[in-house]
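In: Mind looking at a prediction? Sequence and model below.
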Amino acid sequence: MKKVGVLVGSLRRESYSKKLANNVVTLFPDGYEIECIKIGNLPFYNQDFDDENNVPTEVVDFRNKLGEFDAFLFITPEYNRSVPAVLKNALDTGSRPKTENRWGGKPAAIISQSPGGIGGFGANHHLRQSLTCLNMSVLQQPEAYIGNVATLLDESGSLTNEGTVEFLQKFVAKFVKLIEK
């Protein structure tokens, strides 16, 4: 059984990223356990936590949780042409101290979304840059930029566009191949 952690870069109750994540997790094959990892309760990373051996419980729990996963899927909106602070904070928190980077060597995939047409291109690429620095193997193709996301979801949050569902199924299949390598 492979375990994939999903990190959503939005805390909003009706977040498009959360809705998209709820759809994507159903596309993984048997033999995969998918779990959404909560990141909204993490304090902002502060190196003093580690230097003074005074790491908050939420951080200890989060770091331990990351060790349970074989791979990570990031689903994020774009804030000001970049990654939301909550997601960047989770990356920083999980990568420290540097000698204990919990992300290192694990496969990753990114889906960015936006109510606009560009589909979170800036966030996707900024996130790729961070994941490369953290020594993660990031799925290169297909790239997943989901534009006009609000028009693709019904009132219950289900994807209604068959082409998008087919694309995301292919995306998940490629991610699974990366994980299996």
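Out: Good, I have the coordinates. Numbering: from 1, shown residues only.

In: got the CA positions of the longest helix seen in the chain in CSV?
Out: Longest helix in the chain by number of residues (criterion: DSSP state H): helix 162-180. C-alpha atoms of helix 162-180 as CSV (Å, rounded to 0.1, in the frame of the first residue of the first chain):
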residue,chain,number,x,y,z
GLU,A,162,-15.5,15.4,-18.6
GLY,A,163,-12.4,16.6,-20.4
THR,A,164,-11.0,17.9,-17.1
VAL,A,165,-11.8,14.7,-15.4
GLU,A,166,-10.1,12.7,-18.2
PHE,A,167,-7.0,15.0,-18.0
LEU,A,168,-6.8,14.7,-14.2
GLN,A,169,-7.1,10.9,-14.5
LYS,A,170,-4.1,10.9,-16.9
PHE,A,171,-2.3,13.2,-14.5
VAL,A,172,-2.8,10.8,-11.6
ALA,A,173,-1.8,7.9,-13.7
LYS,A,174,1.6,9.6,-14.6
PHE,A,175,2.0,10.5,-10.9
VAL,A,176,1.5,6.9,-9.9
LYS,A,177,4.2,5.8,-12.4
LEU,A,178,6.6,8.3,-10.8
ILE,A,179,5.8,7.0,-7.4
GLU,A,180,6.3,3.4,-8.5
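
In: Quick check: buried residues in it?
Out: Applying a neighbour-count criterion of 16 or more other CB atoms under 10 Å, one finds 164, 165, 168, 171, 172, 174, 175, 176, 179 buried in helix 162-180. Every C-beta, even on glycine, is put in place using the N, C-alpha and C of the backbone.

In: swap in stretch 27-38?
Out: Going by 16+ other CB under 10 Å, stretch 27-38 has these buried residues: 27, 28, 32, 34, 37.

In: From those, which land in helices?
Out: Per DSSP H, the buried residues of stretch 27-38 never map to helices.

In: neighbouring contacts of the one helix or strand residue 73 maps to?
Out: Following DSSP states H and E, one finds residue 73 within strand 71-76. The contact list for strand 71-76 (CB atoms under 8 Å, 6 or more residues apart in numbering) reads 2-10, 17, 20-21, 24, 34, 83-84, 87, 103, 106-113, 120, 123-124, 127, 131, 136, 175, 178-179.

In: So the closest residue to residue 36 other than its chain neighbours, which state does it fall into?
Out: Leaving aside its chain neighbours, residue 36 sits nearest to residue 6 (4.7 Å; criterion: CB to CB, 6 or more residues apart in numbering). Assigned with DSSP: H, G, I helix; E, B strand; the rest coil, residue 6 falls in the strand class.
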